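Peer 1: quick one: sequence plus predicted model below, questions after.
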Amino acid sequence: MLGETCMNLKHLFSRYFLLSLIFLGIAAPGHAGEPIDQLKQTTDKVLAILADPALKAPNKTKERRELILKIVNERFDWEEMARRSLARHWTQRTPEEKREFAQLYKELLERVYMEKVEGYYWNKILYEGESTDGDYGNAKVKIFTAKDQVIHVEYRLLKKGNSWLIYDFSVEGISLVNNYRTQFNDIMVKSSYQELIKKLRAKTTQN
Amino acid sequence: MKKFDIELWVGLFVLAGIICLGYLSIKLGKMEIVGGEKYEVYAIFSNSGGIKTGSNIVLAGVEVGRVKNITLENYQAKIVLSLHPNVKIQEDAIASVKTKGLVGEKYIEISPGGSEKFIPPGGQIRETQPPVDLEELISKFVFEKI
């Protein structure tokens, strides 16, 4: 994927897909309250798709990816993420602009890192623990890679109805929302919202 | 009478001297006996990373307050921030521990959010980021490439 995205960001976001795929997931003993339960459900579903022999053929790639994305999307609150990333520039947007932005943001994240999903090597995921405070939830996860490195990931979730939806996650302490907030703010301050949208559109239509 | 006059003046000078010393001590000691009405919010960090009482709180590069105190709560650092009354923090603002330069002093940076609700006095900044261990991070991602 060529583009202006920094390499470190790419690695950061590749984790997003890592996390949504529990392959040989091993659950940690102990905590299994709601947020982690729901996270596991999502990842189990994705695993099932990856393991499905009917979808392994290369000509099934598009279909497989669409299925995976559909499941993963149900675990994310895209509008919340988009709002938090656009931050103080969000309130100045019209409802139509907000809709468009949230959609482009979602496509950006999906697009740039989907390829990494299948090609990544990892060993297991350990659910370390979770905490909830009213409608806010927090889940900590450790990913063990093929090279025996440990990656710490923390999900931040909001409860909407009965579902815990992700609105941010941090990899090794670096938050995705904070990262994009800084980048978007830089673009907004130096040029304009139109420029930002243009860049997002360019990224999502890239092939 | 004359002696009394002199003593009066001496006394006044001494008093003036003490007041000046007191003022200097307060200013240098960064205490605020007479200051604006600050308001407090708190934030929980998994690691306070060298933040001390009196550390700066910065928003968009501007100092907006100071750390009032730090306590350990449930194995995490609860940091109480004392903020300038004019500074409003959105509910989804993010507080991170940053370093001046690479090895300078630590400070807390607040990144404004997009929520229309603001954190009230005594409220909590929910989104926090502990300091990032740059070296560890680089090594992890350098060796991650397959």
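Peer 2: Noted; the coordinates are in hand.
Peer 1: below-threshold pLDDT in the chain: ranges please.
Peer 2: I'll assume chain A. A:1-33, A:112-123, A:206-207 (pLDDT under 70).
Peer 1: actually, chain B is the one I wanted.
Peer 2: B:1-2, B:29-36, B:140-146.
Peer 1: now do the contacts for the closest residue to chain A within it.
Peer 2: In chain B, the residue that lies nearest chain A is B:Gly114 (3.7 Å; C-beta to the nearest C-beta). The way it works is simple: take the backbone N, C-alpha and C, and place the C-beta from them, glycine included. The contact partners of B:Gly114, taken as C-beta atoms under 8 Å, 6 or more residues apart in numbering or on different chains, are A:Arg83, A:Arg84, A:Leu86, A:Ala87, A:Arg88, A:His89, A:Trp90, A:Thr91, B:Gln90, B:Asp92.
Peer 1: any idea which element the closest residue to B:Ser48 other than its chain neighbours lies in?
Peer 2: Distance criterion C-beta to C-beta, 6 or more residues apart in numbering or on different chains; nearest residue to B:Ser48, sequence neighbours excluded, is B:Ala77 at 3.6 Å. Using DSSP states H and E, B:Ala77 sits in strand B:76-83.
Peer 1: which parts of that strand are buried?
Peer 2: Within strand B:76-83, the residues that qualify as buried are B:Ala77, B:Lys78, B:Ile79, B:Leu81, B:Ser82, B:Leu83, counting by 16 or more other C-beta atoms under 10 Å in any protein chain shown.
Peer 1: re the thing from before, ok, the residue nearest to B:Ser48 - contacts?
Peer 2: For B:Ala77, the contact set (C-beta under 8 Å, 6+ apart) comprises B:Ile44, B:Phe45, B:Ser46, B:Asn47, B:Ser48, B:Ile51, B:Ile70, B:Thr71.
Peer 1: what about stretch A:148-168 and chain B, touching?
Peer 2: Yes: with C-beta under 8 Å from any C-beta of the partner chain as the criterion, chain B is reached by stretch A:148-168 at A:Gln149, A:Ile151, A:Arg156, A:Asp168.
Peer 1: how far does that stretch stretch from start to finish?
Peer 2: End-to-end distance for stretch A:148-168: 26 Å, by C-alpha to C-alpha, to the nearest Å.
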